[in-house]
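Novice: from the sequence below, what's the structure:
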Amino acid sequence: MTSHKNSTSTIQIVAPARICLFGDHQDYLGLPVIACAIDRQISLIAKPNTSKEFIFTLPDINSQRSFSIDADFEDLQTGDFFASVLRRVKKYGCIPNLGYSITIQGNIPVNAGVSSSSAIVVAWVSFLLKTFGCNREITPEFISLVAYEAEVLEHNSPGGKMDQYSIGIGNIIFIETGDHFSYQIIGDEMEGLILGESGILKDTLGLLSSIKTNALEAIKIISDKVPEFIIETATLKDFENYSHLLSETLKPYFYAAIQNHLITQKALVELSKEKLNLQVIGTLMNEHHTILSDDLKITVPRIDAMIEAALAAGAYGAKIVGSGGGGCIVAVSPDDKKKEIIQAIKQAGGKDAYEVLVAKGVHKI
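Specialist: Predicted structure coming up:
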């Protein structure tokens, strides 16, 4: 049993943004992803109050909220992650007994594919567990698990575990997302990462749901007709052999699942090396983006223009980040081309672009 005495001082929790380097639209298929935390962050600052309430102020989105520390939220509203986190942590014996006034703000672009909402969820979970204790050892893994349960399971959402674990654990991590879930930290730095914001809001739930449905249907059809087929070990030979069993609509989803998995495996080898070859990593990133763009069709014209501009300015590789329909791109840049690439992304219509560094996971300051 982990228990904590309530602090009478201010508590600050910091949670980073994350980018998916390889494996977009793979985690809900039980296939691996490679993601990293970056040095854009959410800061949760909590001060004790005497009201027996959690009082939230979110100045970045001009929002305020409050509810009792004893609220049970039996009727959970869609997207109410403050409520679903409180519901979930109580199942682990985390019972708040003191009110806090909480300010949450940061510099993560919102609705842009870099997990601003998951960063808030992870920070809120971390605050509750570390402030009020629970019946488990409070580790980065446990914080990540509770955040996943609160954000995905409580809401019957189509998401996987990448966001919560990459934010909770930090660094560059390879995540096996299937039934035998595991992760490994494969690096703590990577030079030349540039994030470009399109300024177009992404369409997470719509795209995730439709692509997930089609991909799972394609894999199920093949698995039902070819019992020996296993997606985790599939190769392009399997696509050639079995794609005739699918409708023309489903073929691209089957191809994307196999090819993106193969690319992620190659990227794991490269990113695990002591000295990174950014040119090779960039080439793999380009291959991954081509599938996301041409087969899963998750890009929009401005994203395409930003990618093309980054590559024309000398980037080794570039890809869309996140579920798609808008959001951000990430580019891998040679050291001497960063300024040109940043400028090119902006000139192509990007709202903003800047270098980002690999960051550590959620932590208390």
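
Novice: so for stretch 31-38, mean pLDDT?
Specialist: For stretch 31-38, the mean per-residue pLDDT is 96.

Novice: check the offset of that stretch from the chain's centre.
Specialist: 7 Å (Cα atoms, centre = their mean, to the nearest Å).

Novice: ok, the residue with the largest distance to the centre of the chain - contacts?
Specialist: In the chain, counting by Cα atoms, centre = their mean, residue 50 sits farthest out from the average C-alpha position, at 35.8 Å. Neighbouring residues of residue 50 by Cβ atoms under 8 Å, 6 or more residues apart in numbering: residue 99. Where C-beta positions appear, they are placed from N, C-alpha and C, glycine not excepted.

Novice: how close does it get to residue 300?
Specialist: Note on residue 50: its distance to residue 300, by Cβ to Cβ, to the nearest Å, is 49 Å.

Novice: how close does the residue farthest from the centre of the chain sit to residue 290?
Specialist: 58 Å.

Novice: list the contacts of the particular helix or strand that has residue 339 in it.
Specialist: According to DSSP states H and E, residue 339 maps onto helix 338-347. Residues from elsewhere that reach helix 338-347 (Cβ under 8 Å, 6+ apart): 192, 194, 196, 306, 309-310, 312-315, 329, 331, 333, 352-355.

Novice: filter these down to just the ones in strands.
Specialist: 194, 196, 329, 331, 352-355 (DSSP state E).

Novice: ranges for the strands of the chain?
Specialist: Per DSSP E, the chain carries strands over the ranges 11-22, 33-48, 53-58, 63-68, 100-106, 172-176, 182-187, 193-197, 317-321, 328-332, 352-355, 363-364.

Novice: need those in TSV with mean neighbour count and distance to residue 138, can you?
Specialist: Below are the strands of the chain laid out as TSV (neighbours: other Cβ atoms under 10 Å; distance: least, Cβ to Cβ, whole Å):
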stretch	mean neighbour count	distance to residue 138
strand 11-22	26	12
strand 33-48	23	16
strand 53-58	18	19
strand 63-68	12	23
strand 100-106	20	18
strand 172-176	22	19
strand 182-187	15	18
strand 193-197	24	30
strand 317-321	28	30
strand 328-332	28	31
strand 352-355	18	33
strand 363-364	15	10
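
Novice: which of those strands sits closest to residue 215?
Specialist: The closest of these to residue 215 is strand 33-48. By Cβ to Cβ, the value is 14.2 Å.

Novice: CA atoms of the closest one as CSV?
Specialist: Taking C-alpha atoms only, strand 33-48 is exported to CSV below (Å, rounded to 0.1, in the frame of the first residue of the first chain):
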residue,chain,number,x,y,z
VAL,A,33,5.2,1.6,-32.7
ILE,A,34,8.2,3.8,-32.1
ALA,A,35,7.5,7.1,-30.4
CYS,A,36,9.3,9.7,-28.4
ALA,A,37,8.6,12.4,-25.9
ILE,A,38,9.6,15.9,-27.0
ASP,A,39,10.4,19.1,-25.1
ARG,A,40,7.0,20.7,-25.5
GLN,A,41,5.0,20.3,-22.3
ILE,A,42,2.0,20.6,-20.1
SER,A,43,2.5,22.0,-16.7
LEU,A,44,0.0,21.2,-13.9
ILE,A,45,0.4,23.5,-10.8
ALA,A,46,-1.7,22.6,-7.8
LYS,A,47,-2.2,24.6,-4.6
PRO,A,48,-4.3,23.2,-1.6
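
Novice: mind jotting down where the helices sit in the stretch 51-200 of the chain?
Specialist: In the stretch 51-200 of the chain, the helices defined using DSSP state H, counting those that start in this stretch lie at 81-90, 116-132, 140-148, 162-169.
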